[in-house]
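1. attaching a predicted model along with its sequence, questions to come.
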Amino acid sequence: MGFGDLKKKDGLSALNAYLVDKSYIEGYQPSQADAVVFDALIGPPPADLENALRWYNHIKSYGAGRSSFPGQKKDVSSYGSAGKAAPAAGGDDDDDDDIDLFGSDDEDAKAEREKRLAEYAAKKAKKPAVIAKSSLLIDVKPWDDETDMKALEEAVRSIQADGLLWGASKLVPVGYGIKKLQINAVIEDDKISTDFLEEEITGFEDFVQSMDIAAFNKI
């Protein structure tokens, strides 16, 4: 079990293959499994390992909040697998026959194995790439009760980028006559990061005191 040495390319490749259809190491929300595996890396995976890099950037965006992820910490070798096996017969819609392609040195078996692997690779290549998206609920806090909240929202919505879509918003009282802006956004994970949004929003220093991600959900 485990991904192997996550400080080497083989380990990162195993992590990338594991995350091809997953957002997190375990379950459907960040957990201590993600924190443990993240801490085992020495830095971001290379760009050609797009699944691992997407996951890394997402977990990195939580910063020190990773320590409060739910779940129990285990040894990093307890998570994932050393690689992803080819799908078993009837396991998915690839209709692979139940045939032992790896248990014989016979030339016919070798030829059949190479043929089936080529067909499998071609079939996978034809499948359209899934665009990973996330829905964010963002809290933007002004300096005081005299801040022009309409101008603040206009400033936030003026941030335009490929892979970013602003949604509904509302003003929420926080006390002493001060209201914060709560606004929804949908992002494409490979194009927009929470670090980018924080840098852009807090850049409006005349209006914005701070920004927080109140909710983060995969779509």
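-> In hand now; what should we look at?

2. the worst-scoring helix or strand of the chain on mean pLDDT: which residues count as buried?
-> Ranking every helix and strand in the chain by mean pLDDT, DSSP states H and E puts helix 107-126 at the bottom, with a mean of 75. By neighbour count with 16 or more other CB atoms under 10 Å, helix 107-126 contains the buried residues R113. (Glycine included, C-beta is placed from N, CA and C.)

3. how about the CA coordinates for it, as CSV?
-> Extracted C-alpha coordinates of helix 107-126, given in CSV (Å, rounded to 0.1, in the frame of the first residue of the first chain):
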residue,chain,number,x,y,z
GLU,A,107,4.2,-15.1,-27.9
ASP,A,108,0.4,-15.1,-28.6
ALA,A,109,-0.3,-13.9,-25.1
LYS,A,110,2.3,-11.1,-25.5
ALA,A,111,0.8,-10.0,-28.8
GLU,A,112,-2.7,-10.1,-27.3
ARG,A,113,-1.6,-8.1,-24.3
GLU,A,114,0.0,-5.4,-26.4
LYS,A,115,-3.1,-5.2,-28.6
ARG,A,116,-5.4,-4.9,-25.6
LEU,A,117,-3.2,-2.2,-23.9
ALA,A,118,-3.1,-0.2,-27.1
GLU,A,119,-6.9,-0.4,-27.5
TYR,A,120,-7.4,0.5,-23.8
ALA,A,121,-5.1,3.6,-24.2
ALA,A,122,-6.9,4.7,-27.4
LYS,A,123,-10.3,4.4,-25.7
LYS,A,124,-9.1,6.4,-22.7
ALA,A,125,-7.6,9.1,-25.0
LYS,A,126,-11.0,9.6,-26.7
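
4. centre of the chain to that helix, how far?
-> Taking CA atoms, centre = their mean, to the nearest Å, one finds helix 107-126 lying 31 Å from the centre of the chain it belongs to.

5. quick one, helices of this structure?
-> Listed in chain order, the helices found in the chain under DSSP state H are 9-18, 32-40, 50-60, 107-126, 149-157, 194-202.

6. which helices and strands does the second one pack with?
-> Same thing as helix 32-40. In terms of contacts (3 or more CB pairs under 8 Å, 6 or more residues apart in numbering; DSSP states H and E), helix 32-40 is packed against helix 50-60.

7. how close does the spatially most central residue of the chain get to K179?
-> The centre of the chain sits closest to W55, judged by CA atoms, centre = their mean, with a distance of 3.7 Å. Distance of W55 to K179, computed by CB to CB, to the nearest Å: 35 Å.

8. residue contacts, the residue nearest to the centre of the chain?
-> Neighbouring residues of W55 by CB atoms under 8 Å, 6 or more residues apart in numbering: L15, L19, S23, Y24, D34.

9. which one of those is nearest to A122?
-> Closest approach between the contacts of W55 and A122, by CB to CB: L19, at 22.8 Å.
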